[in-house]
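Q: structure for this input, please:
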Amino acid sequence: MYSGSREWLHLGEDESVVFESRPHPVAMGWGLPAGLLGGLGGLVLAGWATAEGWTLALTILGLLAALVGFTVVGVRYLLWTNTRYVITTAELYEKRGVFSRDVTQFRLDRIQNTSLRQSAVGRLLGYGELTVYTAGSGDPELTFERLARPARASAVLSEQLGGDRAPADER
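A: A predicted model of the protein is given here:
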């Protein structure tokens, strides 16, 4: 459970958090391993070029590759760590943003239907999508994408909605 700052979360008097998560680490995508590989490769190239007495240009190229690679890793991590999915006793919240902040929230009493979707890979790694539909709209109102522990989130949401719609493996 996340225990960091929640200044963006405005709870009502009788409202409490019942589920909180961020996306599964897989949401960082291929940028994370590619950035790590590029960054480490750049450092190796710079060190090797310096040790062998090669040109300064090759050392600088290695350091630039390392800088770009580690920057990609940092950006992916910041985007991941600054995304939150919260279910309270009265509302759903989704927060995104590093420098600016985008918070989507709506009351649980507006929810018409929910959908839990997990691919085979998602089931294996423990992530999926929890989609929420509201009354009067055929389009999804909110989707918790690449959500870690999606069956748990679905069970908690169902409990808050007063139904027993939890997946069979969570009952």
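Q: the residue nearest to T83 when sequence neighbours are not counted - how many residues pack around it?
A: Nearest residue to T83 in three dimensions, chain neighbours excluded: R96, at 5.1 Å (CB to CB, 6 or more residues apart in numbering). All C-beta spots, glycine's among them, are computed from the backbone N, C-alpha and C. Counted with other CB atoms under 10 Å, residues neighbouring R96 total 15.
Q: touching, R96 and T81? I think so.
A: No - in this structure, R96 is not within contact of T81 by CB atoms under 8 Å, at 11.1 Å.
Q: pLDDT weak spots in the protein?
A: Using pLDDT under 70 as the threshold, the predicted model of the chain has low-confidence ranges 1-5, 137-138, 163-171.
Q: run through who's touching the helix or strand where W48 lies.
A: Counting by DSSP states H and E, the element that carries W48 is helix 31-51. Residues outside helix 31-51 that contact it (CB atoms under 8 Å, 6 or more residues apart in numbering) are 54-55, 58-73, 75-77.
Q: repeat that for 7 Å
A: The set of residues external to helix 31-51 that reach it, using CB atoms under 7 Å, 6 or more residues apart in numbering, is 58-59, 61-66, 68-70, 72-73, 76.
Q: next secondary structure after it?
A: Moving on from helix 31-51 towards the C-terminus, the next helix or strand you reach (DSSP H and E) is helix 56-81.
Q: identify the bridge partners of the residue nearest the centre of the chain.
A: Centroid check for the chain by CA atoms, centre = their mean gives P23 as the closest residue, at 2.5 Å. Beta-bridge partners recorded for P23 (DSSP bridges): L147.
Q: and it, how far from D109?
A: 26 Å (CB to CB, to the nearest Å).
Q: how near is the residue nearest to the centre of the chain to R96?
A: Following CB to CB, the distance that separates P23 from R96 is 10 Å.
Q: quick one: buried residues of the host helix or strand of L157?
A: According to DSSP H and E, L157 maps onto helix 150-161. By neighbour count, with 16 or more other CB atoms under 10 Å as the criterion, the buried positions of helix 150-161 are P150, A151, R152, A153, S154, A155, V156, L157, S158, E159, Q160.
Q: okay, it in CSV with CA atoms only?
A: Extracted C-alpha coordinates of helix 150-161, given in CSV (Å, rounded to 0.1, in the frame of the first residue of the first chain):
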residue,chain,number,x,y,z
PRO,A,150,-6.5,-6.2,-10.6
ALA,A,151,-8.7,-9.0,-9.2
ARG,A,152,-8.1,-7.6,-5.7
ALA,A,153,-9.1,-4.1,-6.9
SER,A,154,-12.2,-5.5,-8.6
ALA,A,155,-13.2,-7.4,-5.4
VAL,A,156,-12.7,-4.2,-3.3
LEU,A,157,-14.7,-2.1,-5.7
SER,A,158,-17.5,-4.7,-5.8
GLU,A,159,-17.6,-4.7,-2.0
GLN,A,160,-17.9,-1.0,-2.0
LEU,A,161,-20.7,-1.1,-4.5
